[in-house]
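Asker: any chance you can model this:
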Amino acid sequence: MNYDELKILIAERGIETIDIKYADLIGNWYHISFPARRLEHVLQHGIPFDGSSIPGMKSVESGDMVLLPDVSTSIIDPFIEKPTLRMLSFICDAGTREGVNKDPRTVARRAHAFMVDSGIADASLWVPEFEFYLFNEAVINNGKYSAGYRFTSAENKDDLPGGYLDADGTAVAHRKGYHIDTPFDKHAQVREEMVRLIEGVGCP
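Answerer: Have a look, this model is predicted:
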């Protein structure tokens, strides 16, 4: 999506807010929002920010840093009730507008350019691997003299309601949950909804 297409989308969807995101070296996400009417200004000048507050960015390197949105990553945020446009950004030097060495997206772009220039390949595909656990509850204790945690799951026999007569029939045995079918797979519909939303924003 280019800038002209973006302006049409903003007008058609009545978008008033744009949310741009950036990441630190260890993968934590951060974001900042601004009114859609300021998009042209932000694309030209970027958004200054305090890089010294971001892990991995030294204060001496973060005095003149800006976030420059990448309009090609624009999507309508599916989780916000008010129409909001979300896009990723590069962490750049305010003077040169070049991505800084510790910006993960800049590192990936340089790696891609090196691959093409060196003749290794002419295209690369960067995709995340979605692996995670779904728990019904997570209890974490970080006291002065103790620490511990407990997770509960509707698929675990020990976590089903007391006196539940069919606990053995619907619980998943220990380490037997890989690709388990319904009705044992309690979260199949949750994953299907996740896939629908991911594909809905153009992620293959």
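
Asker: just for this protein, where's the confidence low?
Answerer: Confidence mapping of the chain against pLDDT under 70 gives the ranges 58-63, 161-168, 204.

Asker: just the helices in it please.
Answerer: 3-13, 39-45, 104-117, 167-170, 188-200 (DSSP state H).

Asker: mind listing residues that contact the longest one?
Answerer: When you say that, I think you mean helix 104-117. By Cβ atoms under 8 Å, 6 or more residues apart in numbering, the residues outside helix 104-117 that reach it are 22-25, 27, 70, 88-92, 99-101, 121-122, 124, 126. For glycine as for every other residue, the C-beta is placed from the backbone atoms N, C-alpha and C.

Asker: in it, what counts as buried?
Answerer: Neighbour counts using 16 or more other Cβ atoms under 10 Å place 104-106 of helix 104-117 among the buried residues.

Asker: check contacts around Asp159.
Answerer: 136, 152-153.

Asker: only the buried subset of the contacts of helix 104-117, as a ChimeraX command please.
Answerer: A single ChimeraX command selects the buried members of the contacts of helix 104-117 (16+ other Cβ under 10 Å):
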select :22,23,24,88,89,90,91,92,99,100
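
Asker: before we move on, the earlier item: any chance of the contacts of Asp159 in a markdown table, with distance to Pro183 and neighbour count too?
Answerer: Formatted as a markdown table, those follow (distance: Cβ to Cβ, whole Å; neighbours: other Cβ atoms under 10 Å):
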| residue | distance to Pro183 | neighbour count |
| --- | --- | --- |
| Asn136 | 16 | 13 |
| Thr152 | 19 | 14 |
| Ser153 | 15 | 19 |
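
Asker: closest one of these to Thr170?
Answerer: Ser153 (12.1 Å; Cβ to Cβ).

Asker: turn the contacts of Asp159 into CSV, including distance to Asp185.
Answerer: Below are those laid out as CSV (distance: Cβ to Cβ, whole Å):
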residue, distance to Asp185
Asn136, 14
Thr152, 17
Ser153, 12
